[in-house]
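1. Predicted model, plus sequence, below.
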Amino acid sequence: MNDAPRRLIRILIDADACPVKDETFKVAARHGLHTTVVANSWMNLPRDPMIERVIVPGGLDVADDWIAERAAPGQIVITADIPLASRCVKAGAMVLAPNGKAFTPETIGAALATRNLMDSLRSAGETTGGPPPFGPRDRSAFLSALDLAIVRLKRAGFTP
């Protein structure tokens, strides 16, 4: 009998502004994965025992803190929040942006530096625009990246 703890794949969604929740639910269902949706307000979710809703109190970074405290190897975190992505990458989680971009130990430093530079420019009164509109290509790239992340975790010995 093997007493080693099961290494489970779990998906955590930083949900308040996530445009790919429905896509995540479909992929997770196909793979039999538990998904936790974290937000600071109630939102309508599918009635599915594999989808858990966590409502955290309002406040700065409360949802981020909840997610970061649970981020670990075998977790896939979906967020556009770069500081949260950095915390989760450091904890060993796989992190995907809604546009399919993977945040990795090799890329998170540059992403943080760019975010901080843009924040400084905005604070100084510069008009920096913002991210491009979210479109079908982003959705498709996200679906591919999520499937790839799940396959990689399964190959690494994690299970649904």
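-> Nice, I can see it. Numbering: from 1, shown residues only.

2. So which residues make contact with the helix or strand residue 37 falls within?
-> Assessed by DSSP states H and E, residue 37 sits inside strand 34-39. By C-beta atoms under 8 Å, 6 or more residues apart in numbering, the residues outside strand 34-39 that reach it are 8, 10-16, 21, 24-25, 28, 43, 45, 50-56, 63, 66-67, 70, 160. C-beta here means a position set from N, CA and C on the backbone, and glycine is covered the same way.

3. try it again with 7 Å
-> 10-16, 21, 24-25, 28, 45, 50-56, 63, 66-67 (C-beta atoms under 7 Å, 6 or more residues apart in numbering).

4. Please produce a ChimeraX select command covering the buried subset of the residues you listed.
-> A single ChimeraX command is used to select the members of those judged buried by 16 or more other C-beta atoms under 10 Å:
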select :10,11,12,13,14,15,21,24,25,28,45,50,51,54,56,63,66,67
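
5. What mean pLDDT does the longest helix seen in the chain get?
-> Looking across the chain with DSSP state H, the single longest helix is helix 136-155. Across helix 136-155, pLDDT averages out at 97.

6. Same check on stretch 29-39?
-> Averaging pLDDT along stretch 29-39 yields 97.

7. tell me which residues in that stretch are buried?
-> Buried-residue list, stretch 29-39, by 16+ other C-beta under 10 Å: 31, 33, 34, 35, 36, 37, 38, 39.

8. who touches the residue nearest the centre of the chain in this structure?
-> What sits nearest the mean C-alpha location of the chain, by C-alpha atoms, centre = their mean, is residue 78, with 1.3 Å. Residues in contact with residue 78, defined by C-beta under 7 Å, 6+ apart, are 11, 13, 14, 18, 20, 24, 96, 98.

9. Excluding chain neighbours, what is closest to residue 27?
-> Among residues not flanking residue 27 along the chain, residue 146 sits closest, at 5.1 Å (C-beta to C-beta, 6 or more residues apart in numbering).

10. for that neighbour, what are its contacts?
-> 24, 27, 96.

11. got CSV for these, with secondary structure and distance to residue 151 too?
-> As requested, the contacts of residue 146 are exported to CSV (DSSP: H, G, I helix; E, B strand; the rest coil; distance: C-beta to C-beta, whole Å):
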residue, secondary structure, distance to residue 151
24, helix, 15
27, helix, 11
96, strand, 13
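
12. No more questions from me, cheers.
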